[in-house]
Structure formats: C-alpha cells, structure tokens
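Asker: What follows is a predicted structure for the sequence shown.
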Amino acid sequence: MLEFFSASTRMANPQRAIVECLEVALGEAHHDCDLVIINASIGHQLGDLIGQARAQCPHARIVAGSCAGVIGREGVSESMKDVALMAIRGRDFAVAHVDGLNGHNSREKAVALATALKRAAPAINMVYLIVTGIDVAADQIIAGFDAIFGAEVSLFGATSGDNNRGLVTFQAVDERVFERAAIAVGFCDATLEVDTHATHGFVATGEPLIVTRSDGHLIHELNGRPAAAEYLDRLKLPMTASLADSGPIGALAERLTAVQAQAYGNEHVLRAVFRWDAAGTLYYPVTCPEGTALWLTLRDEERIFSDLDRMLAVMSRHARGRKPVAMFQADCGARGRLLFNRVLKEELIQRLQHPFSTDFQPPPWLGMYGFGEFARLDGINHFHNYTSALAAIYRREAT
C-alpha cells in the first residue's frame, strides 16, 4: 500500500533544499522512501538535486522535471530556485522512460514507454507523466498510452517547462538528465483510484485563424500566410517577439463538441505556442489538421474563478466525503488575479486546496508551472494548456 508525503522550499543551495524537503515530508525517517518525484525551477540543476536525493534515499527511484515554479502544501513559489517533492513509500509502482522524443515520433515513443511500463507492472491503474515541453504532440502521447493500457487508465502530470522562454526543458530519471524525454510512473496499488479534472476560464474572441497548411503538430500556414507572421500580427507583436511577449496573450482556442463543452464548462480547449522558427512555422502542442479553426482568446478573470469553483464542486461530488491521500497539480502561470502588473496566484491556490484539506491542512501536494497539463475531459484522457489541472488520489471505499 502506497503512502505519500510532500514538502516544498525556496532555497538556492540544492543539497539543503532536498534535505529540508525530505525532513519536512518524512520527519526523522527521511531516508526511508521508495520513490521521490521532484519539481524544480529552471534555476536549479536537476543533477545536483538528484545527487542529494540519492545520498539521502539510496534505495529510492528518483524522477524529476524542470518548471517555472512549484506548488506544495506550503503554497505557491515562482522563484528561480524552487523545489517541491513527493516522497512515496511502498513498492506498488513502476518507472519507465524514453529519450529522443519529438512531435513527429510522439506516438511511437509513447507506445514504447507504455509497453515498458506495463511489462514492469501489468496491474497499473493510473500513470503520472513528465514529458518534454516544447516539441511534442501530446495527443499522440495519449494515443500511445491508450493503445497499450486502454482509455480507462487515467493519465495525469505535465509537460516540463523553463522560465517561460521556450528554450529548453529538462527531465530526469535516477542519475540521468534529459532534454527530450518522457517519464512515466505507473501506480498499481489496487486500493487507490484517481479523479482528474482541468479548467481554464478564457473566452474565444474574433474571427478564427484557419490552418491552411500543416504537418502533424507543425502549423506552416494560417489563412494562407506563414503561420508565425499571421499569429503574431493578430497579437500585434513583431516577428522578433519572444515567448514572454506572446505567452500571456497568445492562447489559441479549439472548439469542443457539444458533449465535451458541457462536461468542461467551456466551449473551447486552449493551446499554447512555445516556439516558432525562421520559416514561420508554429510548433503546436498537439496534432493540428488542415482546416482547423483557431480563435484568439481573452483572459476572463471572473470566469477563471467561477469555472474553478465549478470544477471543485464536481470533484467534491466525486469524492463522496473522502479526503485525498495525495494531490498532483499541473498549472499555468497565466492564472490568478492580475494586480500590480503581475498575476498573483496565492488566492487561486488557496481556493484549490481548501476543499481537499483537513483542519486547514492540505494533503500531500505536488504541483508545477509547466508548459501543458494532462487530465481527463468528458471521461477520456486529454491534453490542456492554460489550465489548473488536478489529480486527486483516494483510497477506494470498502465494498
């Protein structure tokens, strides 16, 4: 039976950061765990953090991903030197990874990853994913896993991030650090079940951009023009714009089916563009067929919070009075209250954590600000951007 423990800290020294987190999470027995999952802001070297985690927990498997900030029981932190971890006791899990992932081989690599994971632990009933965050077709990652495990096995987690520059992201397994990897942790504790949801609160606006030439996840033309030029013109940004310029205002919306929209509470799912090249090609996070309509969006602060409350109400009904044994969160840095020319996230995170808390104390909690989120939509595994995505892990009710 798996047990979960978590902690987070803002600390520049990687050795002290890991020791503090393990001591807070596990107490005096901080050497005693079987799996350590680390989220770390891009200012930390994952290798240094993993080296200290290995020294403290010599028998544990260790996985890690880079991000732009962390979320833990202690709240949210977005410095360049944040660390959060989930320490897990018990052997009801398996770890697998693949390297060399990109948008064109995403399904092939996902099938290989899922196959290795299922071979290691056939009874897996939920999978935590950390995937490279820039050049990937996340829908094909999902398709590969669904082909091996079936759609009933829930995927949750994130695509890793950097400090919102879209240059490079990192993933790690044990002592090996990668830039283009996908890492999967499969849980096979039969006493556990997971409930995953996501919400954004943005609103589509204006006339859509039409994809007129594409290749998988690469959009070459929008409305018959080089895609990056058309996209940036709509945002009133120059071709020299950076991700820091486009990211906060550049969410693109794809229309959902009526059934999906009813389940989601929004007519659109959002997509983020993290890179474009000199030829004007946009690197889209999922497959984007020609003819797809993409709307620009407006950040609706009131709706961000009202849709969040709607999601929490749904999750509360699904919980049937239970409290989670662990929470995993993947989030977007564009969510929260816009004050003093920056987005403040503390209120949003407090509202997220309160319904799952006992005596105002959240359960073990691990979250990151990455480049995308995995969570179910209308009962199937799905990929999201610009959302708060939660995975609540519960003990099954006695039958």
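Answerer: Yep, it's here.
Asker: what comes up buried for stretch 201-218?
Answerer: Gly201, Phe202, Ala204, Pro208, Leu209, Val211, Thr212, Ser214, Gly216, His217, Leu218 (16 or more other Cβ atoms under 10 Å). In this view, the C-beta of every residue, glycine as well, is placed from N, C-alpha and C.
Asker: CSV please, covering the residues you listed and showing distance to Gly336 and secondary structure.
Answerer: CSV is the format used below for the buried residues of stretch 201-218 (distance: Cβ to Cβ, whole Å; DSSP: H, G, I helix; E, B strand; the rest coil):
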residue, distance to Gly336, secondary structure
Gly201, 11, coil
Phe202, 13, strand
Ala204, 21, strand
Pro208, 27, strand
Leu209, 27, strand
Val211, 31, strand
Thr212, 35, strand
Ser214, 33, strand
Gly216, 33, coil
His217, 29, coil
Leu218, 32, strand
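Asker: okay if I get the residues you listed as TSV plus distance to Val314 and pLDDT?
Answerer: Output for these, formatted as TSV (distance: Cβ to Cβ, whole Å; pLDDT from 0 to 100):
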residue	distance to Val314	pLDDT
Gly201	15	94
Phe202	19	95
Ala204	22	97
Pro208	29	98
Leu209	32	98
Val211	32	98
Thr212	38	98
Ser214	34	98
Gly216	33	98
His217	30	98
Leu218	35	98
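Asker: Just the closest of the residues you listed to Ala253, please.
Answerer: Ala204 (4.2 Å; Cβ to Cβ).
Asker: can you count the residues close to the nearest residue to the closest one once chain neighbours are set aside?
Answerer: Residue nearest to Ala204 in three dimensions, not counting chain neighbours: Trp295, with 3.8 Å by Cβ to Cβ, 6 or more residues apart in numbering. Neighbourhood size, Trp295 [other Cβ atoms under 10 Å]: 22.
Asker: Phe328 now?
Answerer: Neighbours around Phe328, by other Cβ under 10 Å: 30.
Asker: Tell me the bridge partners for it.
Answerer: Taking DSSP bridges as the rule, Phe328 bridges to Leu366, Ala391.
Asker: Which strands and helices lie in contact with the lowest-mean-pLDDT helix or strand in the chain?
Answerer: Lowest on mean pLDDT, DSSP states H and E among the helices and strands of the chain sits strand 337-339, with a mean of 80. Contacts defined by 3 or more Cβ pairs under 8 Å, 6 or more residues apart in numbering; DSSP states H and E place strand 337-339 against strand 342-344.
Asker: how does it look with 10 Å?
Answerer: If you count contacts as 3 or more Cβ pairs under 10 Å, 6 or more residues apart in numbering; DSSP states H and E, strand 337-339 packs onto helix 301-319, strand 342-344, helix 346-353.
Asker: What strands flank it, and is each parallel or antiparallel?
Answerer: Checking strand 337-339 against DSSP bridges gives partners strand 342-344 (antiparallel).
Asker: Of all the residues in the strand it pairs with, which ones are buried?
Answerer: Buried residues in strand 342-344, defined by neighbour count with 16+ other Cβ under 10 Å: Val343.
Asker: likewise stretch 63-76?
Answerer: For stretch 63-76, by 16+ other Cβ under 10 Å, it's 63-74, 76.
Asker: and of the residues you listed, the nearest to Leu377?
Answerer: Out of these, the member with the shortest distance to Leu377 (by Cβ to Cβ) is Ile71, at 21.4 Å.
Asker: Wait, Ile37 touches Ala158, no?
Answerer: No: under the criterion of Cβ atoms under 10 Å, Ile37 makes no contact with Ala158, lying 11.4 Å away.
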